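> Below: sequence and its predicted model.
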Amino acid sequence: MKKIISGLQATDSLTLGNYIGSIKSLVELQNENNLYVFIADLHSITVPIDPKDLEKNRKSIVCLYKACGLDFKKSKIFYQSSIIEHSHLAYILMCHSNLGELNRMNQFKSKSLKQSNKTETIPTGLLIYPCLMAADILLYDADIVPVGSDQKQHIELTRILADRFNKKYKSKIFKIPEFYPPKIGGRIMDLLDPTVKMSKSSENKKGTIFLLDKIEDIRKKIMGSKTDSLNKVNFDIENQPGVANLLTIYSSLSGLSIKEIEKKYINKNYGDLKKDLAEIVCKVVEDIQKKYNDAKNNKNLDKELKLNSSVCKKEAHNKIKEIHKILGLEYEY
Ligand code: TYM
C-alpha cells in the first residue's frame, strides 16, 4: 500500500485534461492505497481572485471530486487551507530554495508572462508556488504523486528540495516522492491547437472541454476539433497531433489500446472517429454532471471534509514538530 498525494487548484471549471491527467488515476488508485487529495485553495491565491469566487469554487470542486468517483470514506479529502502547516512548511522550504531554480520553472515563466512583463507587477506567489506544492507533498511522506506531465518539473524540484534538506541536516526527515503520470493522457491537448495543452485559461474556449459544459457543446467541440488532411486514423504525434490527441482521449476513456482503436477505424474517416469519441466523452461527462448535482445536495460533505482534515492535521502537526527540532526552532506549540 502506497501513500499517495495530489491536489487540484480550486476552480469550478475543471477540464477533461484535469480528469484524464489526474482525477481518473486517483479514483483508480484509491482502493489499494492510502490516498490524500486536497483542494489547492492556497495555490489559487497566487493570482488575484475574488474571495466570493474562491469560496464558491472550493465547494464546487469538492462536489466534482465526489462526482468523479473519489470516495470520502476511503480517501482523505480536505482543503489545503484548513491545515496551516502547509504554508508553514512552504516557508521553510522557500528558505532552502534559490531564486534561480524557482525562476526556471516553466509554469512560472508562462503564468508570469500572462500577468505582466514587468517584475514589479508579477505576483511573488507565482514564483514561490512550487515550494508550497513541495510542502503539500513532503508533509505527508508521500511515495508517489499522480499528476499530469505539466507538473513533472515541480515534482523534480520537490525531490531536489527534500534531498537538499536531508543532506544539509544529516537527517531522513523527508521521503523522496516519485512522479506518477497516468498510463495514457498525461498531456491532453487543446482541440483547436493540438500543439498546446488543454487548459482552463485558454482564450478560445472551443478548444477546451469543461466538465460542466453543456453536453451538446461538448459534442460540437469534438466534431469541430482540428485534425489534418491525411484522413488516416493513425497515432503520429509529430505529423498528426490532432488525431493523436483524439486517440489518446478515446483510449483513456474507453480502455481500448491505441492499436485497437487504429484497427477499428482502418477503413473509416475522421468524422466517424469524432462521432464515436463524442459519444464516449459525453457519456462520461453526463454521468459526472448527474453525480455533481447529487453531491451539491449532500449535506454530509462538509462533515466528512472536517473529519478528514482533523486526521491530516495531526499528522502534519507532528511532522512540523520534527522539522522544528531539526532546525533548532520551538517545537512545543
Ligand atoms: P492544476 O489544478 O493545474 O491541475 C490539476 C491536475 O490536472 C493535470 N492537468 C492535465 N493533465 C493532462 N492534460 C492536461 N491538459 C492537463 N491539465 C491539467 C495537472 O497535471 C494536475 O495533475 N500545482 C497543481 C496542484 C497541486 C498539487 C500539489 C498536485 C498543488 N499542490 C501537490 C500534486 C501534489 C496544479 O496547479 O494543478
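Good, I have the coordinates.

> Please name the nearest non-neighbouring residue to the residue of the stretch 51-200 of the chain found nearest the ligand.
Using CB to the nearest ligand atom, Gly148 is the residue of the stretch 51-200 of the chain that sits closest to the ligand, at 2.5 Å. For the C-beta atoms, the positions are set from N, CA and C on the backbone; glycine is no exception. Spatial nearest neighbour of Gly148, chain neighbours left out: Gly21 (3.1 Å); criterion: CB to CB, 6 or more residues apart in numbering.

> How many residues are close by that neighbour?
Neighbourhood size, Gly21 [other CB atoms under 10 Å]: 26.

> Name all residues that make contact with it.
147-150, 181-182, 185-188 (CB atoms under 8 Å, 6 or more residues apart in numbering).

> Can you report phi and psi for it?
phi -80, psi -20 (degrees, to the nearest 10).

> So for whichever residue of the chain sits closest to the ligand, what's the pLDDT?
Per CB to the nearest ligand atom, Gly21 is where the chain lies closest to the ligand, at 1.8 Å. On the pLDDT scale, Gly21 is placed at 97.

> Check Ser116 too.
For Ser116, the pLDDT comes out at 65.

> likewise Asp12?
The model reports Asp12 with a pLDDT of 67.

> Mind telling me what element Glu216 is part of?
Here Glu216, judged by DSSP states H and E, is contained in helix 215-223.

> Now the helix or strand that comes right after that helix: average pLDDT?
Next helix or strand after helix 215-223 toward the C-terminus (DSSP H and E): helix 241-254. Averaged across helix 241-254, pLDDT comes to 98.

> Mind listing what's buried along whichever helix or strand comes after helix 241-254?
Per DSSP H and E, helix 241-254 leads on to helix 258-264 as the next helix or strand towards the C-terminus. For helix 258-264, a neighbour-count test (16 or more other CB atoms under 10 Å) marks 261-262, 264 as buried.

> which among those gets closest to Tyr65?
Nearest to Tyr65 among these is Ile261, at 28.9 Å by CB to CB.

> Is the ligand within reach of the worst-scoring helix or strand of the chain on mean pLDDT?
Every helix and strand of the chain was ranked by mean pLDDT, DSSP states H and E. The lowest is helix 106-115, at a mean of 84. No - using CB under 6 Å from any ligand atom, we find that helix 106-115 stays clear of the ligand, coming within 7.7 Å at best.

> Go ahead and name everything in contact with that helix.
So helix 106-115 is in contact with 47, 102-103, 121-123, 126-127, 129-130, 150, 153-154, 201, going by CB under 8 Å, 6+ apart.

> Check the offset of the helix holding Glu216 from the chain's centre.
Offset of helix 215-223 from its chain centre (CA atoms, centre = their mean, to the nearest Å): 23 Å.

> ditto for stretch 319-333
Using CA atoms, centre = their mean, the offset of stretch 319-333 from its chain centre is 30 Å.

> quick one: average pLDDT of it?
Average pLDDT, stretch 319-333: 94.

> Over to stretch 31-47?
On average, stretch 31-47 scores 94.

> residues of it that come out buried?
33-44, 46-47.

> Pick out whichever of the residues you listed sits closest to Leu70.
Taking CB to CB as the measure, Val37 is the one of the buried residues of stretch 31-47 closest to Leu70, at 6.2 Å.

> and that closest one, which of the three is it?
Under the three-state scheme (DSSP: H, G, I helix; E, B strand; the rest coil), Val37 adopts strand.

> how far away is the spatially closest residue to it that is not a sequence neighbour from Leu273?
Nearest residue to Val37, sequence neighbours excluded (CB to CB, 6+ apart): Ile77, at 5.1 Å. Using CB to CB, to the nearest Å, Ile77 is found at 36 Å from Leu273.

> which of the two has more neighbours?
Per other CB under 10 Å, whichever of Ile77 and Leu273 has more neighbours is Ile77, with 27 against 21.
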